[in-house]
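Engineer: coords please:
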Amino acid sequence: AEAMALLDNAWKASVWDSRELERQDRESAETMLRDFLVHQASKDTDIVGVEQWIDLELEGRRVSGKIDRVDDLGDCLEVIDYKTSRNPDSRPKLKKDFQMVLYWEGAESIYGKPVKRVGHWYLRHDEERMVEIAPEEREEVLERARAIVRAVTAGEYTATPEYRSCMYCDYADLCDDRYR
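Structural biologist: As a prediction, this is how the structure comes out:
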């Protein structure tokens with residue numbers, strides 16, 4: 001009841017173009033919330049972090065982000081990123097994901113415990129998709145991230161203007177090459 005009240009308070013029906021779309025999305029949100037609460041009740045973990053900010057340094061540059069959730073499994077941690085997307089990422093893709101590796105590194109730094117697994121909790125599908133990432137796999141991803149930081153710092157990058165990329169780019173307003 002409390003969770004549904006929070007949804008009610010946050011829900012803004014005026015943002016939808018039609019009442020039918022708003023109704024469908026509201027039903028979907030209520031289903032995701034109910035499924036989440038049932039799933040959460042079955043988990044035997046302690047939540048130790050929610051919306052936990054991390055700050056890391058790569059090649060002398062600050063990289064920051066916000067981890068949705070960190071669970072304490074006793075002798076190690078689990079890092080969860082909530083997703084509402086319709087298409088879940090594959091486990092091999094998660095293992096190469098910058099965000100997952102940076103969250104792994106950040107959580108270990110903040111909590112002083114090893115991370116056992118990271119992944120996404122797909123609310124629309126009520127599915128947790130978690131992966132363990134070996135140290136050498138994490139280092140490979142971190143090296144890719146370092147190479148990108150070095151290239152951007154040196155001005156060695158080519159804009160790739162395309163509608164979907166530019167729509168989600170944090171730097172679109174600063175870019176002369178952005179998709180228009």
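
Engineer: can you tell me the average pLDDT over the longest helix anywhere in the chain?
Structural biologist: As assigned by DSSP state H, the longest helix anywhere in the chain is helix 19-42. Average pLDDT, helix 19-42: 94.

Engineer: what about that helix, distance to the chain center?
Structural biologist: Mean C-alpha position of helix 19-42 versus that of the full chain (CA atoms, centre = their mean, to the nearest Å) differs by 19 Å.

Engineer: Give the buried residues for that helix.
Structural biologist: By 16 or more other CB atoms under 10 Å, the buried positions in helix 19-42 come out as 22, 29, 32. Using the backbone N, CA and C atoms, a C-beta is placed for each residue, glycine as well.

Engineer: Could you do stretch 120-134 as well?
Structural biologist: Per 16+ other CB under 10 Å, stretch 120-134 contains these buried residues: 120, 121, 122, 123, 124, 125, 129, 130, 131, 133.

Engineer: Show the low-confidence segments of the protein, by residue range.
Structural biologist: Where the chain drops to pLDDT under 70, the residues are 174.

Engineer: now, which of the buried residues of stretch 120-134 lie within strands?
Structural biologist: 120, 121, 122, 129, 130, 131 (DSSP state E).

Engineer: Provide a list of residues in contact with the second one.
Structural biologist: Looking back up the chat, that one is residue 121. 69, 80, 81, 82, 83, 127, 128, 129 (CB atoms under 8 Å, 6 or more residues apart in numbering).

Engineer: Which ones among those lie within strands?
Structural biologist: Mapping the contacts of residue 121 onto strands (DSSP E) picks out 69, 80, 81, 82, 83, 127, 128, 129.

Engineer: Tell me how many other residues crowd the closest residue to the fourth one other than its chain neighbours.
Structural biologist: The spatially closest residue to residue 82, leaving aside those adjacent along the chain, is residue 68, at 4.8 Å (CB to CB, 6 or more residues apart in numbering). Other residues within reach of residue 68 by the criterion other CB atoms under 10 Å amount to 16.

Engineer: mind checking how far residue 68 is from residue 126?
Structural biologist: 16 Å (CB to CB, to the nearest Å).

Engineer: Please name the residues that touch the residue located most distally from the centre of the chain.
Structural biologist: For the chain, the largest distance from the centre (CA atoms, centre = their mean) belongs to residue 19, which lies 29.7 Å off. Residue 19 makes contacts with residue 13, as judged by CB under 8 Å, 6+ apart.

Engineer: now do 6 Å
Structural biologist: The contact partners of residue 19, taken as CB atoms under 6 Å, 6 or more residues apart in numbering, number zero.

Engineer: same deal with residue 124?
Structural biologist: residue 84.

Engineer: Please repeat the previous calculation with a cut-off of 10 Å.
Structural biologist: Taking CB atoms under 10 Å, 6 or more residues apart in numbering, we find residue 124 in contact with 28, 29, 31, 32, 35, 83, 84, 85, 86, 87, 88.
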